[in-house]
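>>> How does the following fold in three dimensions:
(chains A and B)
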Amino acid sequence: MSKKKEQASATHIRRSAGDWAFDAALIVLFSLFTLICIFPFYYLLINTISDNDLVTSGRVNFIPLLKDAAGNGVPGIQLNNYAALRNVNDLGTSVIVTVIRTVLGTVLMVITSAWAGYLVTKQKMWKRSFWYRFLVITMYFNAGLVPWYMNMLMMGLTDNFLAYIIPGMVAPYNIILVKTYIESIPASLEESAVIDGASTSRVWLRIILPLSVPILATIAIFGAVGNWNSFQDSLLLMNNRPDLYTLQHRLYVYLNSSSNLGAMMSQGGQVSEQAAQSMLNQRVIQYTVSMVSIIPILLVYPFMQRFFVKGIMLGAVKG
Amino acid sequence: MEKSAQNPQQVSAGERIPLWIFRMAALIAGMAVFFPPVNPGRVSGKINQAASLFTTGISRDTVTNSMGRILRSQWILDGDIQSLMIACIVIMLGVAACAAGAAMSLGNRRMRKTGLILPLAGAPVMGIGLYLIQTVYNRMVAHGTEVDKLDRLELGMPGGFTVYCVFAGVLFVTGLIAFLTAEKETDPEVKMGMEEKYKLFLMILPVILLAFIFCYLPIWGWRFAFFDYIPGGDIGAENYVGLKWFHFLFSDPATTRDLIRVLRNTLAMSGLGIVTSWLPIAFAVLLAEIRSRKFQRFVQTFTTIPNFISWVLVYAIAISIFSSDGFINSFLTNVLHRAGANTNYLQIADHTWLKMLLWGTWKGIGWSAIVYIAGIAGIDQQLYEAARVDGANRFRCIWHITIPGLMPTYMVMLLMSIAGILSNGMEQYLVFSNAMNKDVIEVLDLYVYNIGIGQNKISLSTVVGVAKSLVGVTLLFGANGISKAIRGESII
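Residues are numbered from 1 along each chain as shown, chains lettered A, B, ... in the order given. Below is the predicted model of the structure:
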């Protein structure tokens, strides 16, 4: 480092050999790290679309392979594993539960945050700063896992789908984001509406909501990912209702089940022989279910990216 | 009188106290509607324990989901269930009227006087609902005796019934006093209205109540720390144990040993996280040194993805790479032709702390770097130009401009991570724990989960949780104090 420094300072206008070397090293370093970040996803993918025999024998390392007539691996893909997922026990219900949870939970969270975030900008509110702090403190303080669990038990929110929706509605961090954003909207827009006689809720609906779409989109997309990835509440609260397990919880169960294929596949005649044959081992099921829960994230990811900086920068501005 | 007539908002001293008592009573009664423990409609042990008055009134399924046989055999008549639900709805209407009255009592004199009529009607309506429940109960008992299945029905008047009788009484009396003491609006010109400040407050009240129920009410659960609580049982004077569990932490050798081990894991892994907390800055600074914008975007895009997958999926990925039939082993076997490579790296407990740190870094570094990348973009370019004119090379620019520019953000992040030193969360450690590494991977959060939810030691785990919360709050205020002292700015 110090040697490079000397070289660089010697010829600081033109780029020295040291500079070139440094740049090259950086590019290699970052390429390597990026590879480490994406290869596992790729590896998971090729293992779900290759021939299962080859996967089991560990021959699928870099490209998806199918068997030719002689049983050797040739590049190619198949989607039987995904088709066979419909025979995996309880997976369908988990997907449905998670999708409903993601949609409902996100919509309600966004509405609540938008509403509360707007109201806390109102200086006129009775004891405004107290109530604002009352909401914000919940970010930094929690009573602990077990008291929280006992509270949910008392509220009747164990083994209850509402447990996924209602507690998530109040998200103090998102309220702060919305508040900060609304404060950046010129007050004159709102004032003119008030002069025209619009009520608070009307101003919110007609002026504030349309203007704060960027921040609402930000919290919506982050909220949706959070809901999709939810695992802990399902693990803690749904002990007697396996039909309400979220997808991540279901996957966790699969990953930890040492049982064989038969236990995971539904019994009975409607299981097509071919599908059952193609699901040769548990690993492939695990990989395929993992892919299914990753794919939605990857699909919304390009849209999310636009909101990263906005979300974080606003977060850095404290309430 | 003349003066107060000019200000119809004003609440006189005599009105204030009865008004507040009535409002609090209405608030509590309103919230109790959603509390299963005080459900006045749970006249049978067969009615779902988790059903609140609200659920009992609106969801027939919840009421009857564990009495299939009873209903099929008509030990309880369908009509009685319907009457019960109607009774619950009637009670709720009464409560709603009282709550509306309480909300209106925030208005001007005319609105106040009008609103306070509502509890005078609402409380009797609650009484009617309660009377209906009593009737339904009597009918159920009579019918149960008739079919001789009384013992199977677990009938009994719930504690919530008494609670609601008290609510109805209190609401009526306080509402009446408030109504009588409320001054009448003498000026016929004044219409009903409410000050903006109270309107706004009533609008945000539902959000505040939700926050109260899910974030503040759990503190009420701290009481379990002082009782010998058995799940499903009750707490009361007979199992009050004072500070026994707090002493137990230090007097029971096994627990003390566990606690020390868990604390060591927690502090070690949090400590490693804090020691390496500069990595995202290095990542951002070095990435900014690369001239190709396209390459920067490419790196940023793909290194951020892992942040958005759950720890369960990270574990799935870990299995696919490091398990005995994972990538590493199949690579060794099939590409490098190394025989007998089937180590399950996930089962090896060596360097667990370091491995957890690496997983955390893999998942989080790209994301954590974004705040610094944005920070670098926000640094005034003129500073760099001026420095270059003065003869500074790129390393000097980094050292004297970029890094100082990022320091304020870093300090906030660092102080926050110090304040959260005891809270590493449990998800990561839960999914990665196994029989081999459980001694070195169990952090405080996971320990609380394991003994509290796993072994049902509610009281003991509450004690640990309380201690953790208190230490956490202390650290947070400490960090905030430091931040105020050094930077003159608070972080919370």
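>>> quick one, what contacts the residue in the stretch 151-300 of chain A positioned nearest to chain B?
Going by CB to the nearest CB, chain B is nearest to A:Gly156 of the stretch 151-300 of chain A, at 3.2 Å. Just so you know, the C-beta spots here come from the backbone N, C-alpha and C atoms, and that holds for glycine as well. For A:Gly156, the contact set (CB atoms under 8 Å, 6 or more residues apart in numbering or on different chains) comprises B:36, B:48-52, B:55.
>>> pLDDT score assigned to it?
We have a pLDDT of 84 for A:Gly156.
>>> Which secondary structure state does it sit in?
Here A:Gly156 takes the coil state, with states given by DSSP: H, G, I helix; E, B strand; the rest coil.
>>> And it, how close does it get to A:Leu54?
A:Gly156 is 51 Å from A:Leu54, where distance means CB to CB, to the nearest Å.
>>> And B:Val275, by the same measure?
43 Å.
>>> just B:Val11 next, same as before
For B:Val11, the distance to A:Leu54 - CB to CB - is 81 Å.
>>> Look at these two and report which has more neighbours.
A:Leu54 (20 against 17; other CB atoms under 10 Å in any protein chain shown).
>>> Report the closest residue of the stretch 101-250 of chain B relative to chain A.
Nearest to chain A in the stretch 101-250 of chain B, going by CB to the nearest CB, is B:Gly221, at a distance of 2.9 Å.
>>> pretty sure that residue contacts A:Met155?
No: at 11.3 Å, B:Gly221 does not count as touching A:Met155 under the criterion of CB atoms under 8 Å.
>>> Give me the domain ranges for the chain.
In the absence of a named chain, chain A is used. Per automatic domain parsing, the structural domains of chain A span A:2-78, A:85-316.
>>> should've been chain B
B:2-194, B:246-487.
>>> show me where the stretch 51-200 of chain A has helices.
A:52-56, A:80-84, A:91-119, A:128-137, A:145-154, A:162-165, A:172-184, A:187-195, A:200-203 (DSSP state H, counting those that start in this stretch).
>>> name the helices or strands packed onto the first one?
Helices and strands touching helix A:52-56, by 3 or more CB pairs under 8 Å, 6 or more residues apart in numbering or on different chains; DSSP states H and E, are strand A:65-67, helix A:282-316.
>>> need those in a markdown table with distance to B:Gln300, mean pLDDT and mean neighbour count, can you?
A markdown table is the format used below for the helices and strands packed on helix A:52-56 (distance: least, CB to CB, whole Å; pLDDT from 0 to 100; neighbours: other CB atoms under 10 Å in any protein chain shown):
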| stretch | distance to B:Gln300 | mean pLDDT | mean neighbour count |
| --- | --- | --- | --- |
| strand A:65-67 | 32 | 87 | 19 |
| helix A:282-316 | 8 | 79 | 18 |
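>>> Make CSV out of these and add distance to chain B.
Shown next, in CSV, are the helices and strands packed on helix A:52-56 (distance: least, CB to the nearest CB, whole Å):
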stretch, distance to chain B
strand A:65-67, 11
helix A:282-316, 4
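>>> can you redo those as CSV with distance to B:Lys468?
Output for the helices and strands packed on helix A:52-56, formatted as CSV (distance: least, CB to CB, whole Å):
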stretch, distance to B:Lys468
strand A:65-67, 50
helix A:282-316, 25
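>>> can you confirm B:Trp75 is in a helix?
No: under three-state DSSP, B:Trp75 sits outside any helix and is assigned coil.
>>> Give me the pLDDT for it.
88.
>>> can I assume it is in contact with B:Asp148?
No: with contacts counted by CB under 8 Å, B:Trp75 stays clear of B:Asp148, the gap being 9.2 Å.
>>> Which one's more surrounded, these two?
B:Trp75 (20 against 9).
>>> dump the residue contacts of the more buried one.
By CB under 8 Å, 6+ apart, the neighbours of B:Trp75 are B:143-144, B:147, B:149, B:152-153.
>>> at 7 Å instead, please
Contact analysis of B:Trp75 by CB atoms under 7 Å, 6 or more residues apart in numbering or on different chains lists B:144, B:147, B:149, B:152-153.
>>> How about B:Tyr345?
B:Tyr345 neighbours (CB under 7 Å, 6+ apart): B:322, B:328.
>>> Next one: it relative to chain A, how far apart?
14 Å (CB to the nearest CB, to the nearest Å).
>>> B:Phe54 too?
10 Å.
>>> Report all helices and strands that the strand or helix carrying that residue contacts.
In the assignment (DSSP states H and E), B:Phe54 maps to helix B:53-58. If contacts are counted by 3 or more CB pairs under 7 Å, 6 or more residues apart in numbering or on different chains; DSSP states H and E, helix B:53-58 sits against helix B:78-104.
>>> Following element in sequence after the helix it packs on, please.
With DSSP H and E, the next secondary element past helix B:78-104 is helix B:109-115.
>>> pLDDT on that following helix, on average?
Mean predicted lDDT for helix B:109-115 stands at 90.
>>> what about that helix, distance to the chain center?
Distance of helix B:109-115 from its chain centroid, counting by CA atoms, centre = their mean, to the nearest Å, is 37 Å.
>>> Can you tell me which helices and strands it packs against?
So helix B:109-115, by 3+ CB pairs under 7 Å, 6+ apart, packs with helix B:78-104.
>>> Give me the buried positions along the helix it packs on.
B:80-81, B:83-85, B:87-104 (16 or more other CB atoms under 10 Å in any protein chain shown).
>>> chain center to it, what's the gap?
29 Å.
>>> and stretch B:390-397, which residues are buried?
B:392-397.
>>> ugh, typo on my part, it should be stretch B:326-333
Buried, per 16+ other CB under 10 Å, within stretch B:326-333: B:326-327, B:329-333.
>>> Show me which of these is closest to chain A.
B:Ser330 (2.9 Å).
>>> Poorly predicted segments of the stretch 151-300 of chain A, please.
A:258-281 (pLDDT under 70).
>>> Which positions in it make contact with chain B?
A:151, A:154-156, A:158, A:160, A:167, A:169-170, A:200, A:225, A:229, A:231-232, A:236, A:248, A:251-252, A:255, A:283, A:286-287, A:290, A:293-294, A:297 (CB under 7 Å from any CB of the partner chain).
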